[in-house]
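# This is a predicted model, with the sequence first.
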Amino acid sequence: MKVKKSFNFILATALTLGLAACSGSSESGGKNTSASNYPTKQVELIVPFAPGGGTDAVARAYADAMKNHFSEPIGVVNKTGGGGAIGFTEGINAKADGYKATLITGDFAILPNMGLVSFNKDDLKTVAQLNADPSAITVSADAPWDTVEEFLEDAQKNPEKIRIGNAGTGSIWHLSAAALEDVAGTKFSHIPYDGAAPAVTALLGGHLEAVTVSPAEVSAHIDSGKLKMLAIMTDERLDKYKDVPTLKESGVDLSVGTWRGVGVPKDTPQEIVDILTEASKKAVEEETFINVLDKMNLGLIYKDDKGFREVIDNDYELFSSLIAKSNIKQQ
């Protein structure tokens, strides 16, 4: 089976919340702020999700690693709610002087495309991408499929028979399965849960046939032999799972994943962005940062401000197309 259509996008949890976001505070002083002595005080890093998760871990590891390359400390502040919308909105509306940054996740791309907020992808200026993780097709260890080819063949012959759990309607893990439907000519039953962890629990309990979450979210159960990973939705095999093929190896040209990075209000002077980007590049090379991501099975991928902007722009457009095809946009 050869499928030529390719998707590379990012999606995340969608909630029915419409929050208006202005393009930046009127007192931001974006054009008047001098970078000659930046920074002179602590920088606040907004994390739009609760402590303890992968996003929070990346943010805190980043803040810690920046100590050796940034003259002032970075304080992590969790601002939760609205699938990330509350934290993103605060970051967008902050004074554009480099002293309030935001840990951007894929939710920043999904919320506008779902019609849930008023802000758009250009309301935060990118600093650096820090992380990326692919979606993976994971099933029970005693499932009847030993290869992704067998899994997809069964799905093609039996539309909607295979129940795939996700982290909520419109989430990255929902739409990664929807993308697989689109490129492989299958039809699944999509079962939403309040996060990836409950979906994985449902799979362990025999209430699902599969999940399309990240390797990090199933790694413990893979290691214990309770689950097996049939394929990874990325361009190359992962070092930790070298025996797990990519979908592309099976002729399904699909790469889907999530990412995390740093952004600042859009009117922030480029000179300040350059300082943050340069320090960020050095920070992600710190052993402490590498070890935290490795321990949590999170992928480390660095891109500078321009590279990160390209990732967001490309994923945003492809995501918009898939949302329309999936007919799940909020009315």
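Structure received.
# Identify the residues contacting the one helix or strand residue 321 maps to?
Here residue 321, judged by DSSP states H and E, is contained in helix 305-326. Helix 305-326 has contacts (CB atoms under 8 Å, 6 or more residues apart in numbering) with 7-11, 104, 106, 108-110, 112-114, 121, 125-129, 170, 175, 178-179, 182, 259, 261, 273-274, 277, 303, 329. C-beta here means a position set from N, CA and C on the backbone, and glycine is covered the same way.
# Now do the strands in the protein.
Listed in chain order, the strands found in the chain under DSSP state E are 43-47, 74-78, 100-105, 124-134, 136-140, 163-166, 189-192, 210-213, 227-232, 257-265, 300-303.
# how big is the angle separating the fifth one from strand 257-265?
Computed with axes from the mean of the first three to the mean of the last three CA atoms, to 10 degrees, the direction of strand 136-140 lies at 130 degrees from that of strand 257-265.
# strands paired with strand 136-140, and their directions?
Its sheet considered, strand 136-140 pairs with strand 210-213 (antiparallel), strand 227-232 (antiparallel) by DSSP bridges.
# ok, residue 217 touching residue 201?
No: counting by CB atoms under 8 Å, residue 217 stays clear of residue 201, with 10.8 Å between them.
# neighbour count winner among the two?
residue 217 (21 against 16; other CB atoms under 10 Å).
# In space, what's closest to that one - neighbours in sequence excluded?
Of all residues not flanking residue 217 in the chain, residue 196 sits nearest, at 4.7 Å (CB to CB, 6 or more residues apart in numbering).
# center of the chain, which residue is that?
residue 258 (2.7 Å; CA atoms, centre = their mean).
# what are the bridge partners for that residue, then?
Under DSSP bridges, the beta-bridge partners of residue 258 are residue 133.
# Enumerate every residue touching residue 113.
Residue 113 touches 316, 319-320, 323, 329, counting by CB under 8 Å, 6+ apart.
# Contact partners for residue 121?
Contacts for residue 121 were tallied using CB under 8 Å, 6+ apart; they are 108-109, 112, 312-313, 316.
# and if we set it to 7 Å?
With contact set as CB atoms under 7 Å, 6 or more residues apart in numbering, residue 121 has these partners: 108-109, 112, 312, 316.
# any weak-confidence spans in this structure?
Residue ranges of the chain with pLDDT under 70: 1-34, 327-331.
# residue ranges for the helices of it, please.
54-65, 85-93, 107-113, 148-157, 172-184, 196-204, 219-223, 270-283, 287-295, 305-326 (DSSP state H).
# highest average neighbour count across these?
A comparison of the helices of the chain by mean neighbour count, using mean count of other CB atoms under 10 Å, puts helix 107-113 on top with a mean of 28.
# Output it as PDB, nothing but the C-alphas.
This file holds the C-alpha atoms of helix 107-113, laid out as PDB (Å, rounded to 0.1, in the frame of the first residue of the first chain):
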ATOM      1  CA  ASP A 107      -2.700  24.000  21.800                       C
ATOM      2  CA  PHE A 108      -1.600  27.400  20.400                       C
ATOM      3  CA  ALA A 109      -2.300  26.000  16.900                       C
ATOM      4  CA  ILE A 110      -5.400  24.100  17.600                       C
ATOM      5  CA  LEU A 111      -7.500  26.600  19.600                       C
ATOM      6  CA  PRO A 112      -7.800  29.200  16.800                       C
ATOM      7  CA  ASN A 113      -8.500  26.600  14.100                       C
END
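# Distance from that helix to the middle of the chain?
From the chain centre to the centre of helix 107-113 is a distance of 11 Å (CA atoms, centre = their mean, to the nearest Å).
# try stretch 269-282
22 Å.
# cool, stretch 226-239 as well?
On CA atoms, centre = their mean, the centre of stretch 226-239 falls 17 Å from the chain's centre.
# can you list the residues that contact it?
The contact list for stretch 226-239, computed with CB under 7 Å, 6+ apart, reads 134-141, 145, 147-148, 151, 176, 203-204, 215, 218, 221-222, 241, 244-248, 250, 254-257.
# I'd like to know which of the residues you listed are buried.
Buried members of the contacts of stretch 226-239, scored by 16 or more other CB atoms under 10 Å, are 134-140, 145, 148, 151, 176, 203-204, 215, 218, 221-222, 244-248, 250, 254-257.
# ok so, going back, alpha carbons of the helix holding residue 321, in CSV - could you do that?
What follows is helix 305-326, C-alpha atoms only, in CSV (Å, rounded to 0.1, in the frame of the first residue of the first chain):
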residue,chain,number,x,y,z
ASP,A,305,13.1,31.6,16.2
LYS,A,306,12.8,31.4,12.4
GLY,A,307,12.8,27.6,12.3
PHE,A,308,10.2,27.5,15.1
ARG,A,309,8.0,30.0,13.2
GLU,A,310,8.2,27.8,10.1
VAL,A,311,7.0,24.8,12.1
ILE,A,312,4.0,26.6,13.5
ASP,A,313,3.1,28.2,10.2
ASN,A,314,3.2,24.9,8.3
ASP,A,315,1.4,22.9,11.0
TYR,A,316,-1.2,25.5,11.4
GLU,A,317,-2.2,25.4,7.7
LEU,A,318,-2.3,21.6,7.5
PHE,A,319,-4.2,21.4,10.8
SER,A,320,-6.8,23.8,9.4
SER,A,321,-7.3,21.6,6.4
LEU,A,322,-7.7,18.5,8.5
ILE,A,323,-10.1,20.1,11.0
ALA,A,324,-12.3,21.0,8.0
LYS,A,325,-12.2,17.4,6.7
SER,A,326,-13.0,16.0,10.1
